[in-house]
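here's my sequence, what's the structure:
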Amino acid sequence: MKKKSKKFLFRRIVAVLFIVLLIFGIRKVGYYFWCNNQKKDVRILLNHEMVSLINHVYVKDSILYVSQEDIKKMFDETIDYDSEDEKLITTCNKHIAVLDLNENYMLLNDVSFPMKGKLQEINAKLYLPLSDLETVYDIEVTYSEKTNIAMIDSTNKAKKQVMALKNAKIKASKLPFAITIEKVKRGDKLESLEQNGKYQKVRTSLRKYRVYSN
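Residues are numbered from 1 along each chain as shown. Below is the predicted model of the structure:
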């Protein structure tokens, strides 16, 4: 009886380990495919929140191009384009900017500023070079080719900087067996977005938006 009990216990332990490894493998493969699907289109995080976009976002020569409809949704409800004069007027706070179609400059409060990009039509839709309009909308734009995510932060919002007190792993989620996607070392600077029990939602120097355990 003792030998049978030991064999049964051993088999159960092996079965449990197999199931755990199988779950871990499935999660890892699933996360890999999820990441690949997410990276097909440029995504936007506006002040730490993922934005539901109306149109595709394009990156050309390191310039982030966002459609007029999405700009209207995020920054300027009164944005207007005059098709006859081929001029677009957009306002935000105390800024008034005028962009000419296919011209590499803009008038900002009646002062001419050069742009690296230009207002242009893509797939019959009007697109603005958002990377050139940081002063207009009081924002900072950072694009990570690795994650295919554009981070947009309002410059008038306070940022909470923290320091890692120990070596830690950044996880894809708080779930058990969550994939480790990055590691931080003691002393690394992070941007704290949200505190939830023993977990913090942070951004690293790579501009990732993830969760790590204290």
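
only C-alpha atoms for contact and neighbour calcs from this point on.
Noted.

stretch 109-117 spans what distance, first to last residue?
19 Å (C-alpha to C-alpha, to the nearest Å).

so for that stretch, mean pLDDT?
What stretch 109-117 shows for mean pLDDT is 94.

ranges for the helices of the protein?
Taking DSSP state H to define them, one finds helices in the chain at 2-38, 68-74, 134-137.

residues contacting Thr155?
Asp138, Ile139, Glu140 (C-alpha atoms under 8 Å, 6 or more residues apart in numbering).

hmm, which of those residues are the buried ones?
Asp138, Ile139, Glu140 (16 or more other C-alpha atoms under 10 Å).

so the second one bridges to which residues?
Using DSSP bridges, the bridge partners assigned to Ile139 are Ser154.

need the contacts of Thr155 in a markdown table with pLDDT, can you?
Converted to a markdown table, these look like this (pLDDT from 0 to 100):
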| residue | pLDDT |
| --- | --- |
| Asp138 | 93 |
| Ile139 | 92 |
| Glu140 | 90 |
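
before we move on, the earlier item: and the buried ones among the contacts of Thr155 as JSON lines, adding distance to Lys94?
Formatted as JSON lines, the buried ones among the contacts of Thr155 follow (distance: C-alpha to C-alpha, whole Å):
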{"residue": "Asp138", "distance to Lys94": "10"}
{"residue": "Ile139", "distance to Lys94": "14"}
{"residue": "Glu140", "distance to Lys94": "17"}
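
between these, which is closest to Val14?
The closest of the buried ones among the contacts of Thr155 to Val14 turns out to be Glu140 (C-alpha to C-alpha; 52.6 Å).

now that closest one: how far from Ser154?
6 Å.

ditto for Leu130
Distance from Leu130 to Ser154, by C-alpha to C-alpha: 13 Å.

tell me which of those two has more neighbours.
Leu130 (22 against 15; other C-alpha atoms under 10 Å).

which ones are touching the more buried one?
Leu130 neighbours (C-alpha under 8 Å, 6+ apart): Ile63, Leu64, Tyr65, Val66, Val141.
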